[in-house]
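# Provided below are the primary sequence and the corresponding predicted coordinates.
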Amino acid sequence: MSKIKIAIVGVGNCASSLLQGIHYYRDKTAKEAVGLMHWDIGGYAPGDIEPVCAFDIDSRKVGTDLSNAIFSPPNCTVVFQRDIPASGVTVSMGRVLDGNPVHMEQYKEGHRFVPSPLQEPSEDDVVSILRDSGAEILLNYLPVGSEEAARFYARCALKANLAFVNNMPVFIASDKSWARRFKEKNLPIIGDDIKAQLGATITHRTLTSLFKNRGVKLDRTYQLNTGGNTDFLNMLHRPRLQSKKISKTEAVQSVAGERLDDDNIHVGPSDYVPWQKDNKICFIRMEGRLFGDVPMNLELRLSVEDSPNSAGVAIDALRCCKLALTRGIGGVLYSPAAYLMKHPPVQFNDDEAYKMMESFINGTLGEDEEAGIILKRQKKAACI
């Protein structure tokens with residue numbers, strides 16, 4: 001089959017893990033491969049994804065081959081596939097906009113972005129590069145808080161007729177006006193804010209569902225995260241966290257059954273610890289009441305490599321977009337979004353989302369049937 005040709009915005013740790021994974025699994029068989037939610041989606045294996053275009057703003061990445069750029073500072077994720085041949089893709093200078101927080105300047109170059117002095121491209125320039133590359137899907141890996149930059153690249157995707165996967169917590173797929181624009185052009189979009197394969201939020205959601213299903217009254221909970229990559233450094237500037245906190249908090253609230261008061265739930269990044277690098281440590285505490293109002297509490301510590309934890313999820317999102325392109329389906333892909341994203345347009349619990357995702361892949365969930373499920377869920381949410 002033909003390759004799935006993608007363009008990448010933001011050649012950071014997540015892009016590094018994604019590209020390493022594409023090559024890591026390229027020489028594997030289905031029986032040998034571990035760490036994937038799906039080996040085959042629509043006839044495509046992970047190794048069938050081919051980056052043909054990339055944008056970044058860092059002087060150590062712009063102008064270099066993508067296969068080298070993914071290992072350039074400030075990237076610090078674990079290297080599990082060092083042997084990556086030259087891609088032939090030169091990283092293009094992107095638009096900075098709000099993608100480089102000023103507060104980072106006080107940190108060492110090895111930890112932060114070092115903007116390239118090259119002239120930034122215009123919107124027409126970016127659209128032209130995307131078209132000339134032959135890309136089918138634009139993958140957004142911009143830093144948290146890059147609201148203006150994320151919308152800029154979403155516009156470019158529309159103009160260049162590319163599908164869009166929004167891995168960051170800027171609300172595009174879950175914004176009705178943006179969703180309508182992608183639907184009008186019959187271009188698939190999956191978003192917003194990618195879930196990890198087994199990370200802090202998916203674990204917190206699972207435990208919250210367990211409390212509800214076992215009749216335990218959840219009174220209060222927190223999720224505290226620390227890490228040492230540029231994502232955590234970027235999020236030290238609290239105003240950039242607004243969308244991220246909404247996304248992560250809503251992911252937990254949506255499965256709680258009875259919503260917690262704002263004072264009784266805290267979900268979000270907490271601090272930057274440089275020596276942790278791409279390792280993310282999560283602390284979850286949940287306080288509740290059992291039979292007879294007897295109190296109980298649960299505490300959990302989770303340690304994961306942050307970027308590889310989302311790479312397999314991104315691989316599934318890309319293949320679902322390709323499947324939609326092949327089937328002529330445009331607009332929000334609600335079922336994959338519900339399973340793969342923290343802040344999809346419509347929230348489902350993870351069991352429901354998994355079943356919908358499988359039905360989408362197998363082609364047994366038609367658009368009309370999915371629309372009916374979505375409408376029913378929206379009516380239910382409106383009554384809560």
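Right, received. Where do you want to start? Numbers count the residues shown, from 1 in each chain.
# Could you pick out the longest helix of this protein?
helix 308-327 (DSSP state H).
# And that one, what's buried?
The neighbour-count check on helix 308-327 (16 or more other CB atoms under 10 Å) flags 308-325 as buried. For glycine as for every other residue, the C-beta is placed from the backbone atoms N, C-alpha and C.
# For I22, give me the pLDDT.
Looking at I22, its pLDDT stands at 97.
# Now the helix or strand hosting it: buried residues?
For I22, the host element (DSSP states H and E) is helix 13-26. Across helix 13-26, burial judged by 16+ other CB under 10 Å covers 13-25.
# quick check, nearest of those to K61?
Checking those against K61 with CB to CB, the nearest one is A15 at 9.7 Å.
# Identify the bridge partners of E287.
R220, N297 (DSSP bridges).
# I'd like to know how far it sits from K183.
Using CB to CB, to the nearest Å, E287 is found at 43 Å from K183.
# average model confidence for the helix or strand following the longest helix of the chain?
Going down the chain from helix 308-327, the next helix or strand is strand 331-332, by DSSP H and E. Here strand 331-332 scores 97 as its mean pLDDT.
# Also stretch 126-135?
98.
# Now do that stretch: everything it contacts.
For stretch 126-135, contacts defined as CB atoms under 8 Å, 6 or more residues apart in numbering pick out 5-7, 52-53, 55, 92, 94-95, 121, 138, 153, 156-157, 159-162.
# could you redo the last one with a cut-off of 10 Å?
For stretch 126-135, contacts defined as CB atoms under 10 Å, 6 or more residues apart in numbering pick out 3-9, 50-55, 89, 92-95, 120-122, 138, 152-153, 155-163.
# and what of stretch 256-266?
For stretch 256-266, the external contacting residues (CB under 10 Å, 6+ apart) are 205, 208-209, 211-213, 217-224, 245, 248-250, 252-253, 285, 287, 349, 384.
# gap between that stretch and the chain center?
Mean-position distance between stretch 256-266 and its chain equals 24 Å (CA atoms, centre = their mean, to the nearest Å).
# Report the rounded mean pLDDT for that stretch.
What stretch 256-266 shows for mean pLDDT is 96.
# need the contact list for the nearest residue to V89 once chain neighbours are set aside.
Computed as CB to CB, 6 or more residues apart in numbering, the closest residue to V89 that is not its neighbour in sequence is L66, at 4.3 Å. Going by CB under 10 Å, 6+ apart, L66 touches 8, 11, 15-16, 19, 51-54, 56, 84, 86-91.
# mind redoing it with 6 Å?
51, 54, 87, 89, 91 (CB atoms under 6 Å, 6 or more residues apart in numbering).
# What of M168?
Neighbouring residues of M168 by CB under 6 Å, 6+ apart: 140, 142.
# Using just helix, strand and coil, how would you label it?
Under DSSP: H, G, I helix; E, B strand; the rest coil, M168 falls in the coil class.
# ditto for the one 10 residues further on
Using three-state DSSP, the secondary structure recorded for W178 is helix.
# Grab the nearest non-local neighbour of it.
Nearest non-adjacent residue to W178, counting by CB to CB, 6+ apart: I172, 4.6 Å away.
# same deal with I284?
I284 sits nearest to L300 (CB to CB, 6+ apart), 4.5 Å away.
# Wait, the one you found touches C282, no?
No: look at L300 against C282 with CB atoms under 6 Å: they stay out of range, at 7.7 Å.
# Who has more neighbours out of these two?
Counted by other CB atoms under 10 Å, L300 and C282 do not tie: C282 has more neighbours, with 22 against 14.
# got a pLDDT number for the more buried one?
Reported pLDDT for C282: 97.
# pLDDT weak spots in this structure?
Scanning the chain for pLDDT under 70 picks out 381-384.
# mind redoing it with 50?
Along the chain, the model assigns pLDDT under 50 to no residue.
# those strands in it, which residues are they?
Secondary structure of the chain (DSSP state E): strands at 4-9, 49-56, 92-93, 137-140, 163-166, 188-190, 217-227, 265-272, 279-289, 295-305, 331-332.
# which residues sit against the fifth one?
Contacts to strand 163-166, defined as CB under 6 Å, 6+ apart, come from residues 137-140, 157, 172-173, 187-192, 317, 321.
# Which of those has the largest number of neighbours?
Highest neighbour count within these, by other CB under 10 Å: G191, with 33 neighbours.
# Quick check: closest non-adjacent residue to I41.
The shortest distance from I41 to any non-neighbouring residue, by CB to CB, 6+ apart, is to R319 (3.8 Å).
# between the helix holding I22 and strand 295-305, how big is the angle?
Counting by axes from the mean of the first three to the mean of the last three CA atoms, to 10 degrees, helix 13-26 lies at 70 degrees to strand 295-305.
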